[in-house]
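Colleague: this is a predicted model, with the sequence first.
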Amino acid sequence: DVQLQASGGGLVQAGGSLRLSCAASGFAFDDYAIGWFRQAPGKARERVSCISSSAGTTTYADSVKGRFTISADDAKNTVYLQMNSLKPEDTAVYFCAAAFGPTCWGVDYWGRGTQVTVSS
């Protein structure tokens with residue numbers, strides 16, 4: 001079975017940090033780009049960041065550039081999202097997802113979300 005298990009969410013004050021983890025299993029991790037997406041109440045889901053180990057690329061939404069860092073541990077089939085300088089507008093449910101190929105367009109697998117709440 002394909003699994004994308006996100007963890008690491010929680011409640012943090014503005015300016016604080018969290019690190020999300022996405023543990024993947026059940027598919028060829030190296031063949032997929034892994035992305036982090038988020039959805040706040042009443043808003044559309046947006047892509048936050050994406051990493052492709054095979055292509056050696058990372059991308060970020062403008063809203064998180066300079067504050068968030070995505071990384072991957074291929075040996076553990078795990079992707080991380082280090083979130084620093086968190087803002088209340090970062091509050092959302094964060095999902096990790098896998099897309100076949102070098103980009104996060106066209107997601108094939110979604111994981112369950114983890115809630116991130118940033119208090120002001």
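Modeller: Arrived safely, thanks for sending.
Colleague: list the beta-bridge partners for the most centrally placed residue in the chain.
Modeller: Residue closest to the mean C-alpha point of the chain, counted by C-alpha atoms, centre = their mean, is Trp36 at 2.3 Å. Legend: beta-bridge partners of Trp36 under DSSP bridges are Ser49, Cys96.
Colleague: can you check Gln82 too?
Modeller: Beta-bridge pairing for Gln82 (DSSP bridges): Arg19, Thr69.
Colleague: what sits against it?
Modeller: By C-beta atoms under 8 Å, 6 or more residues apart in numbering, the contact set of Gln82 is Ser17, Arg19, Phe68, Thr69, Ile70, Ser71. Every residue, glycine included, has its C-beta placed from N, CA and C.
Colleague: quick revisit: surely the residue nearest to the centre of the chain touches Leu81?
Modeller: Yes: the pair Trp36 and Leu81 qualifies as a contact (C-beta atoms under 8 Å) at a distance of 4.8 Å.
Colleague: so what sits against both of those two?
Modeller: Common neighbours of Trp36 and Leu81, counting by C-beta under 8 Å, 6+ apart, are Leu20, Cys22, Val48, Ser49, Ile70, Tyr94.
Colleague: measure the third one to Ala75 for me?
Modeller: Put plainly, it is Val48. Separation of Val48 from Ala75 (C-beta to C-beta, to the nearest Å): 24 Å.
Colleague: higher neighbour count, these two?
Modeller: Comparing Val48 with Ala75 by other C-beta atoms under 10 Å, the one with more neighbours is Val48, at 25 against 7.
Colleague: list the buried residues in stretch 89-97.
Modeller: Asp90, Thr91, Ala92, Val93, Tyr94, Phe95, Cys96, Ala97 (16 or more other C-beta atoms under 10 Å).
Colleague: hmm, I typed the wrong one, I wanted stretch 55-70.
Modeller: Neighbour-count burial for stretch 55-70, with 16+ other C-beta under 10 Å as criterion, is recorded at Thr59, Tyr60, Val64, Phe68, Thr69, Ile70.
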